[in-house]
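S.K.: the sequence isn't on hand, but the structure is:
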Ligand code: NAD
């Protein structure tokens, strides 16, 4: 059975290459012809560890190919994975026009039974809309099924996550669709959880919102620590040793960003409210997260008082390490505010600078540097915004020599306060002294 993957962004490209690695014949397609041209030549348009190697390998094996002809890819395939974007609209709901567009394309090209698989993160009940759209626009009554197979990969470890998933959720309403998907994931049979489509759709939103909630919770505790002598790193450790709580996602700092958690928690809030459910818990988590950058900037002001004409080094732009993705990154709000205050920024990120240049082109106030030491040169303060390992390994003695004033405001608790202060820095971490 041939598989088509529609949308070759962060999820679709990994899905296409990953399914080809499992031994399936996969055709990837995207409306962005320039992207398809790059990918067809084995070049990944995004930075994701291991992705380009996997892409080259699966292209060479003959299992994977790409086309910019979305219609042809649909006609050619028996199973169609829909991996297009579901961004948020101005009210926080999932904006579903990309999904609707693909559903219409599928209807137009429905030349035999196909399983249409929602891989994008979609609101519960989306499958009903997809069925309705395909039903309305297809010619005749060619049969099809809709299924849900939400994706749980994390940017930065997407290839590993896809090739070694801890669970595979398959939401179906017919045996035919279930058999097709179970066959595709044959290798991981014991990790497949088959559910109804509504349940599968909700599992994804519920999982992401829970993780976001956990981050906001520890950030609220960090605020308590900031006002007492408690240390949030140790509080998190002590909490996390309880297996019911677990240690992951208890990292205080600048909060969550990226293309998933912020939009997914808002989308689920809207879904609940539209259905008459009190979603106040999620609203508060979103509010806590939103407040993180303001608190961080307060610390910068506490250290520097007036920001106008101050030279400030900013380390890290990506919403998290090991990705070039800056969607909903806290760096954007921080840079915008610092520029507004009249500071002169010296910015560095290992992978995300090209993306950030599209939002903040180089200017008198925004200079992009070749490395962290260049950014630190003559700076009045250094801000840590993304916890790249490269920054942990910095020679802070050298950084101190380069800076005009030895001040570090660390939004990710990367350094040991005692060691940093021992080098002569004024150090402002999160939720600890
Ligand atoms: P993306 O914006 O990187 O990629 C979407 C791609 O779809 C783009 O390349 C776009 O050109 C293409 N596209 C849009 N409309 C199209 C159409 N009609 N025909 C063909 N191609 C079309 O998005 P992403 O980050 O890959 O996310 C995709 C979905 O997966 C979203 O629902 C997201 O919430 C979900 N998701 C994302 C992640 C993540 O870490 N990025 C993880 C799990 C789930």
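M.R.: The structure has been received and is ready for your questions. Everything quoted here is computed from the prediction, not taken from an experiment.

S.K.: contacting residues around the closest residue to the ligand within the stretch 301-433 of the chain?
M.R.: In the stretch 301-433 of the chain, the residue that lies nearest the ligand is residue 325 (7.1 Å; CB to the nearest ligand atom). From N, CA and C alone the C-beta is placed, and that goes for glycine too. Residue 325 is in contact with 10, 46, 155, 258, 259, 318, 319, 352, 355, counting by CB atoms under 8 Å, 6 or more residues apart in numbering.

S.K.: same thing but at 10 Å, please
M.R.: 9-10, 46-48, 155-156, 257-260, 317-319, 351-352, 355 (CB atoms under 10 Å, 6 or more residues apart in numbering).

S.K.: for residue 390, same thing?
M.R.: By CB under 10 Å, 6+ apart, the contact list for residue 390 reads 315, 316, 321, 348, 349, 350, 371, 372.

S.K.: now tabulate those residues in CSV and tack on secondary structure, distance to residue 209 and pLDDT.
M.R.: Compiled in CSV, the contacts of residue 390 are given as follows (DSSP: H, G, I helix; E, B strand; the rest coil; distance: CB to CB, whole Å; pLDDT from 0 to 100):
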residue, secondary structure, distance to residue 209, pLDDT
315, strand, 30, 98
316, coil, 25, 98
321, coil, 23, 97
348, strand, 33, 98
349, coil, 28, 98
350, coil, 30, 98
371, coil, 37, 98
372, helix, 34, 98
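
S.K.: between which two of these is the distance greatest?
M.R.: Based on CB to CB, the longest span within the contacts of residue 390 runs between 321 and 371 and measures 16.1 Å.

S.K.: more neighbours: which of the two?
M.R.: residue 321 (19 against 11; other CB atoms under 10 Å).

S.K.: in the stretch 1-150 of the chain, what residue comes closest to the ligand?
M.R.: Ranked by CB to the nearest ligand atom, the top residue of the stretch 1-150 of the chain for proximity to the ligand is residue 9, at 1.9 Å.

S.K.: whichever helix or strand residue 400 is part of: what's the following helix or strand?
M.R.: Using DSSP states H and E, residue 400 maps to helix 396-402. The first helix or strand that comes after helix 396-402 along the chain, using DSSP H and E, is strand 407-410.

S.K.: show me what that next one is packed against.
M.R.: helix 280-304, strand 311-315, strand 381-384, helix 396-402, helix 417-422, strand 426-428 (3 or more CB pairs under 10 Å, 6 or more residues apart in numbering; DSSP states H and E).

S.K.: any idea how far residue 217 is from residue 223?
M.R.: 11 Å (CB to CB, to the nearest Å).

S.K.: shared neighbours, those two?
M.R.: Taking CB under 10 Å, 6+ apart as the contact rule, residue 223 and residue 217 both touch 252, 288.

S.K.: can you list the residues of the stretch 1-150 of the chain near the ligand?
M.R.: 6-12, 30-32, 35, 70, 83-86, 98, 101-102, 120-121 (CB under 6 Å from any ligand atom).

S.K.: what number of residues lie near the nearest residue to residue 309 once chain neighbours are set aside?
M.R.: Nearest residue to residue 309 in three dimensions, chain neighbours excluded: residue 342, at 6.2 Å (CB to CB, 6 or more residues apart in numbering). When neighbours are counted by other CB under 10 Å, residue 342 registers 12.
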